[in-house]
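Asker: Mind folding the following:
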Amino acid sequence: MAVHRGSVLTDTNTVIEAHRVGAWRALSSRYRLVTVAKCLEETQTGFQRRRPEENIDPTILRPSFHSVEPDDALAIMRLQLDGPGAHLDAGELSLWTHALTREDDWLICGADAASMRFGFDHGHRARLVSLGGLLNDIGFRPALPLRRNFGKPWLDDLIHRLAMEGLRPGPGQGRPA
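Answerer: Below you'll find the model as predicted:
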C-alpha cells in the first residue's frame, strides 16, 4: 500500500509500542504524526509498570510529532454525554474528539478495541489503521515483534467482527418466514 501523506493521529499505546520495538524514529520520519496533549501526558505516566525500553524521553518525543493538539474539554464533555465516548479512556476520548473536528485526510492508529469500535460506529472504518500496517507500508521490520493488538491481522479481524455484528438482526427482528 502507498504511504499515507495526510495526518496520522496516534494514541498513547501506539507511541509506547513503537518505542518499545524501536520503530518510533522510522514512523515519525515517514508520517505526519499528530496527537493530543492528553496522549502525550499519558506517555509519561505509569513508569512503575513499564520496562525500561518503554520509557520515553519527553524532550525527544514532543518534537517528533508534526503537532500536539490541545485537549478541548468542552467538546470532550459533549462527546461523553452523547454516550459512545464514555467507553474510551481519557487519551482516546481526547484524540477522537480532535479527530472528529478535522477536515484533512487523516488516519487514526490505535490498538484498543473500544477506540476502534468507536471509529467504526462513527463511520470512520476506512480511517482506522494499525501500527503494523503503517510499518509495513514503509518497509520497516522492527527487531522485536509487535504485541498482537498492534498488528494488521488483529485490526482486520476486529473490523470484520464489527461488520458482522451489523448484519445480525436486532431483538425482535428475526428472519422473515
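Asker: So which residues make contact with the helix or strand containing Asp156?
Answerer: Element membership of Asp156, judged by DSSP states H and E, is helix 152-167. Applying C-beta atoms under 8 Å, 6 or more residues apart in numbering, the set of residues contacting helix 152-167 from outside is 111, 113, 116-117, 120-121, 125, 128-130, 132-133, 136, 148. Where you see a C-beta, it was placed from the backbone N, CA and C, and this is true even at glycine.
Asker: Using ChimeraX, define a selection of the buried residues within these.
Answerer: In ChimeraX, this line selects whichever of these come out buried by 16 or more other C-beta atoms under 10 Å:
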select :111,116,117,120,128,129,130,132,133
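Asker: Now, the contacts of helix 152-167 that are in strands?
Answerer: Leu128, Val129 (DSSP state E).
Asker: Closest to Val8 out of the contacts of helix 152-167?
Answerer: The closest of the contacts of helix 152-167 to Val8 turns out to be Val129 (C-beta to C-beta; 7.2 Å).
Asker: and that closest one, what is it in contact with?
Answerer: When the contact criterion is C-beta under 8 Å, 6+ apart, the partners of Val129 are His4, Val8, Leu107, Ile108, Cys109, Leu155.
Asker: which phi and psi does the residue nearest the centre of the chain have?
Answerer: In the chain, the C-alpha nearest the mean C-alpha coordinate belongs to Gly110, at 2.3 Å (C-alpha atoms, centre = their mean). Main-chain dihedrals, Gly110, degrees, to the nearest 10: phi -160, psi 170.
Asker: picking up where we left off before, now the contacts of helix 152-167 in TSV, please, with extra columns for pLDDT and distance to Pro58.
Answerer: Putting the contacts of helix 152-167 into TSV (pLDDT from 0 to 100; distance: C-beta to C-beta, whole Å) gives the following:
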residue	pLDDT	distance to Pro58
Ala111	95	21
Ala113	94	28
Met116	96	27
Arg117	94	30
Phe120	95	32
Asp121	91	33
Arg125	96	33
Leu128	98	27
Val129	98	25
Ser130	98	25
Gly132	98	25
Gly133	97	27
Asn136	97	28
Arg148	97	28
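Asker: and the next element down the chain from the least confident helix or strand in the chain by mean pLDDT?
Answerer: Across the helices and strands of the chain, mean confidence by mean pLDDT, DSSP states H and E is lowest for helix 73-81: a mean of 88. For helix 73-81, the following helix or strand on the C-terminal side (DSSP H and E) is helix 90-99.
Asker: Alright, I will stop here.
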